[in-house]
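# Build me a structure from this.
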Amino acid sequence: MLQITDLHAEIDGKPILKGLSLSINAGEVHAIMGPNGAGKSTLGYTLSGRPGYEVTGGSATFDGRDLLALLPHERAAAGLFLGFQYPVEIPGVSNLQFLRTALNAQRRLRGEAELSGGEFLKIARAQANTLGVDMEMLKRPVNVGFSGGEKKRNEMVQMGIIDPRLAILDETDSGLDIDALRTVGHGINTIMRRPDKAVLLITHYQRLLDYVKPDYVHVLAAGRIVRSGGPELALELEREGYVGVAA
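Numbering: from 1, shown residues only. Sure thing, here's the model as predicted:
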């Protein structure tokens, strides 16, 4: 599904990714762990096409297409979803309005018919019910006045409605209490644990992996993946820290 080969990227002329290679197949969950400044968020932003992140070498293909040649909205329509560490607030725009607009924009780009208001609400209610989110929350402006846990639960509903093929989740466990973490883990498993989908979890800690069992764990240090293994590698990182494991 996703094939990254010798990827190099920089921000404001400063190299961050320095030859990163990674392969993710459909049906797999991969976790990337690493110290601050290793390039974890940069990887997510580069793959999603965020402005300011310049690719200087290597390649990335998604379902056989040159991902790096696509504009950000084209990457989203192709099935790529980026979950933010710090979801932004959008005053004056309700979650329902935002999500219906985003979903129909993607459907138009794929040549699919737009959803009517009734059709969209049916999908939104189903996703909200699955994740235990009150529909009143979706009528509020996007993330305005939300707690950290509410923002992340809201993002899980967004992911369920958009229904991507590949979800890149950037420290989605950041700032969550135990209950919110459990809800987010349930959302990821419910929405993305399917044979035709895949997940790339970017995290510092093992705790999210207690709820979302990864198939593979990778250590990212100094812009490259320096070790890969199974779920046991995350436990080793918890015990030993990054210094010994990433050396």
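# Tell me if G44 really is in a strand.
No: looking at G44 with DSSP: H, G, I helix; E, B strand; the rest coil, it is helix, so not inside a strand.
# Tell me who's in contact with it.
L82, I168, D170, L200, I202 (CB atoms under 8 Å, 6 or more residues apart in numbering). Using the backbone N, CA and C atoms, a C-beta is placed for each residue, glycine as well.
# And the strands in the chain?
2-11, 14-24, 29-33, 53-62, 65-66, 80-83, 90-94, 141-142, 166-170, 198-202, 216-221, 224-229 (DSSP state E).
# what does the second one rub up against?
If I follow you right, that is strand 14-24. So strand 14-24 is contacted by 1-10, 30, 39, 42-43, 46, 56-58, 166, 198, 200, 218, 220, 222-225 (CB under 8 Å, 6+ apart).
# are any of the residues you listed buried, and which?
1-4, 7-10, 30, 39, 42-43, 46, 58, 166, 198, 200, 218, 220, 222-225 (16 or more other CB atoms under 10 Å).
# what's the closest of the strands of the chain to T130?
Among those, the nearest to T130 by CB to CB is strand 166-170 (15.5 Å).
# Note down every partner strand of the closest one and its orientation.
Using DSSP bridges, strand 166-170 pairs in its sheet with strand 80-83 (parallel), strand 198-202 (parallel).
# Would you mind putting the CA coordinates of the longest one into CSV?
Read that as strand 198-202. The C-alpha trace of strand 198-202 is given here as CSV (Å, rounded to 0.1, in the frame of the first residue of the first chain):
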residue,chain,number,x,y,z
ALA,A,198,-3.6,0.3,7.2
VAL,A,199,-2.4,2.5,10.1
LEU,A,200,0.8,4.3,10.9
LEU,A,201,0.9,5.2,14.6
ILE,A,202,3.4,7.9,15.6
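# What lies in contact with it?
1-2, 24-32, 40-41, 43-44, 165-172, 188, 192, 208-209, 212, 214.
# can I assume Y211 is in contact with A180?
No: shown here, Y211 and A180 do not form a contact pair, counting by CB atoms under 8 Å, at 11.0 Å.
# got any ranges where this protein has weak pLDDT?
By pLDDT under 70, the weakly predicted segments of the chain are 244-247.
# ends of stretch 29-38, how far apart?
In stretch 29-38, first residue to last residue: 20 Å (CA to CA, to the nearest Å).
# Just the buried positions in it, please.
Neighbour count says stretch 29-38 has V29, H30, A31, I32, M33, G34, A38 buried, by 16+ other CB under 10 Å.
# wait, the fourth one sits on G39?
It refers to I32. No: the pair I32 / G39 is not scored as a contact, 9.4 Å apart, by CB under 8 Å.
# Give me the common contacts of these two.
Residues touching both I32 and G39 by CB under 8 Å, 6+ apart: L220.
# how about the nearest residue to P72, chain neighbours excluded?
The shortest distance from P72 to any non-neighbouring residue, by CB to CB, 6 or more residues apart in numbering, is to G49 (3.7 Å).
# can you pull the contacts of that neighbour?
Shown in contact with G49 (CB under 8 Å, 6+ apart): L70, L71, P72, R75.
# So which of the residues you listed belong to helices?
P72, R75 (DSSP state H).
# Can you redo the contacts of G49 as CSV, where the extra columns are neighbour count and distance to E238?
Formatted as CSV, those follow (neighbours: other CB atoms under 10 Å; distance: CB to CB, whole Å):
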residue, neighbour count, distance to E238
L70, 16, 37
L71, 9, 39
P72, 13, 35
R75, 21, 33
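# and which of the contacts of G49 is nearest K139?
P72 (27.3 Å).
# tell me the contacts of that closest one?
Taking CB under 8 Å, 6+ apart as the test, what P72 contacts is S48, G49, R50.
# The same query, at a cut-off of 10 Å, please.
S48, G49, R50, P51, L80, L82 (CB atoms under 10 Å, 6 or more residues apart in numbering).
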